[in-house]
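In: Below are the sequence and a predicted model for it; my questions follow.
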Amino acid sequence: MLYFLISFVSFVMILSKSFTNYKPLSSNATKLASNLFCGKLFSFLASRIKTRTSFLAFSFFQFSLFIQSPNKSLVLSKFEEDQRKVSLLDLHDLPLDCILEKLSPNELCNMAKVCKSLRKSCRSDYLWEKHMKMKWGKVFGDAAYREWKCFVASRNVKSSNQCKNQKKILHDFLPFFWIKSKAEKDMKLKLDDSIASLYLSLENGNFWFPAQVYNRENGHAGFMMSCYDAQLCYDSRTNTFQARYSPHGRWTIEENIKWERLRVPPIDSCSHVLHISDCLDDLRPGDHVEIQWRRNKEFPYGWWYSVIGHLETCQGQRNHCQCDNKDTVILEFRQYATSSRWRQTMINRKNHREEGNEIEGFYGGIRKLHSKEEITKWKKLWPTKNVE
Ligand SMILES: [Zn+2]
């Protein structure tokens, strides 16, 4: 592998130098050739890494087939001349980054095994931010990131203490060099707060993170069209998640949760905290909202999808609807049959905070949905038949 990389980067260096040192016929031609060359070169090199083709077979002749250079023979002789003078680490940051940017997370991990210098380059936040956002951006929020920071700090303190104890015991009772070396090595294997470390911990299922799950417990009738806080762990073999919910003193576990049933909590607060509604005066029939609800005051809130309905007195006169001028607001939960006691509830827009009782449960804060994406997501989770 090392030989492979040395060969490949040596090649890059030589070609770079060739273009730098050789003065071509005109500046426009140079610029054009250079742009074409660099673009194709990085794509070509990245593709070679991806396919893991042996760089023993990777020669200038192969690459020259990819470009249309008028100075082929001159570059070739320069390549041959400098072939033995450059090394992998001579490559400047910019061209190296351009190549590394094209690698997948898995390929970056493989590249990082080559040497310390490449390990450092391959773990830069700059490279991993893009991968993190692309794969985890819709389920990993600020609260999860704060938990990750605490997780890293606590793991490293624990690991450090364990290693110190281990090292002391080994030093006292087993003073063999190789054993001590292993203890010292283990101590260095710490998690760090880099994005690469976070990404890999998520990917390997080593870190449980907070997020919210729609239709928890596989669409249990008691939770249909709701979204609850949970601790999530990813399983890369099945590309699904395991969730732990904490309803009231006991943990409930659910497995095989797909990506589309997760989201970043829209309100960054504890699930036991009442959300202060700031949209009550704006609620109109047909608006899409989420409202907090909990079975009793010991339970955490979940967010429930609802649509603002018309008052009973408005029936049949909707062309002259005055519902938005009334203090009472009707919330409809249309996933329930019209005969269900859960089908609708009323709140007062002037003084609503938390309303309910031990039988009906407690309705808390409301957030109005302005984003089409959010509304569409709820509609995609609609049950195939009404819930009683
Ligand atoms: Zn109305």
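Out: In hand now; what should we look at? Nothing here was measured: the structure is a model prediction, and the numbers come from that model.
In: so who does the closest residue to P266 other than its chain neighbours touch?
Out: Of all residues not flanking P266 in the chain, R367 sits nearest, at 6.7 Å (CB to CB, 6 or more residues apart in numbering). Just so you know, the C-beta spots here come from the backbone N, C-alpha and C atoms, and that holds for glycine as well. Residues in contact with R367 (CB atoms under 8 Å, 6 or more residues apart in numbering) are P266, I267, H275, S277, C279, V289, E290, I291, W303.
In: Likewise for M224?
Out: Taking CB under 8 Å, 6+ apart, we find M224 in contact with N215, Q335, P383, V387.
In: Counting neighbours, what do you get for the first one?
Out: Around N215 there are 19 other residues, counting by other CB atoms under 10 Å.
In: before we move on, what about the last one?
Out: Other residues within reach of V387, judged by other CB under 10 Å, total 18.
In: With the third one instead?
Out: Using other CB under 10 Å, the number of residues around P383 comes to 13.
In: Look up how far the ion lies from it.
Out: Applying CB to the ion, to the nearest Å, the value for P383 to the ion is 26 Å.
In: Might one say that that residue is in contact with G219?
Out: Yes: counting by CB atoms under 8 Å, P383 touches G219, with 6.8 Å between them.
In: on that earlier part again, avg pLDDT for the host helix or strand of the residue nearest to P266?
Out: R367 is part of strand 361-368, with elements assigned from DSSP states H and E. If you average the pLDDT over strand 361-368, you get 96.
In: ok so K120 is a helix residue?
Out: Yes: K120 sits within a helix when classified using DSSP: H, G, I helix; E, B strand; the rest coil.
In: If I look at it, what pLDDT would I see?
Out: Model confidence at K120, expressed as pLDDT, equals 89.
In: returning to what we had before: just name the closest of the contacts of R367 to the ion, please.
Out: V289 (15.9 Å; CB to the ion).
In: For that closest one, list each beta-bridge partner.
Out: Note on V289: beta-bridge partners by DSSP bridges are S306, K368.
In: per-residue confidence for it?
Out: For V289, pLDDT reads 98.
In: Is it correct that it is in contact with H370?
Out: No: counting by CB under 8 Å, V289 does not reach H370; the two are 10.3 Å apart.
In: follow-up on the earlier one: if any of the contacts of R367 are buried, give me the ChimeraX selection for them.
Out: In ChimeraX, this line selects whichever of the contacts of R367 come out buried by 16 or more other CB atoms under 10 Å:
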select :267,275,277,289,290,291,303
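In: Can you lay out the contacts of R367 as TSV showing secondary structure and distance to the ion?
Out: Below are these laid out as TSV (DSSP: H, G, I helix; E, B strand; the rest coil; distance: CB to the ion, whole Å):
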residue	secondary structure	distance to the ion
P266	coil	28
I267	coil	29
H275	coil	26
S277	coil	20
C279	coil	18
V289	strand	16
E290	strand	21
I291	strand	19
W303	strand	25
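In: Can you pull out the low-pLDDT segments for the stretch 251-388 of the chain?
Out: Scanning the stretch 251-388 of the chain for pLDDT under 70 picks out 315-318.
In: Contact residues of it facing the ion?
Out: Contacts of the stretch 251-388 of the chain with the ion, taken as CB under 5 Å from the ion, map to H310, C314, C321, C323.
In: between these, which has the most around it?
Out: Neighbour max across these (other CB under 10 Å) = C323, 19 neighbours.
In: got the contact list for that residue?
Out: Taking CB under 8 Å, 6+ apart, we find C323 in contact with R284, P285, H310, L311, C314, V329, I330.
In: For the second one, give me its contacts.
Out: Spelled out, that is P285. Listed by CB under 8 Å, 6+ apart, the contact set of P285 reads I308, G309, H310, C314, R318, C321, C323, D324, I330.
In: got the phi/psi numbers for the last one?
Out: Spelled out, it's I330. Main-chain dihedrals, I330, degrees, to the nearest 10: phi -90, psi 130.
In: Tell me how many other residues surround the spatially closest residue to it that is not a sequence neighbour.
Out: Nearest in space to I330, with sequence neighbours left out and distances taken as CB to CB, 6+ apart, is G309 at 4.0 Å. Number of residues near G309 (other CB under 10 Å) recorded here: 20.
In: same question, L127
Out: L127 is flanked by 19 other residues according to other CB under 10 Å.
In: Can you tell me how far it is from V329?
Out: For L127, the distance to V329 equals 50 Å [CB to CB, to the nearest Å].
In: Repeat that for T238.
Out: Taking CB to CB, one finds T238 at 43 Å from V329.
In: Comparing these two, which shows the higher neighbour count?
Out: Higher neighbour count among T238 and V329: V329, with 24 against 11, using other CB under 10 Å.
In: Next secondary structure after the helix or strand harbouring the more buried one?
Out: Take DSSP H and E as the rule and V329 turns out to sit in strand 328-332. On the C-terminal side of strand 328-332, the nearest following helix or strand under DSSP H and E is strand 344-348.
In: Tell me the helices and strands packed up against that next one.
Out: strand 328-332, strand 361-368 (3 or more CB pairs under 8 Å, 6 or more residues apart in numbering; DSSP states H and E).
In: Can you tell me the SS state at A211?
Out: Under three-state DSSP, A211 comes out as strand.
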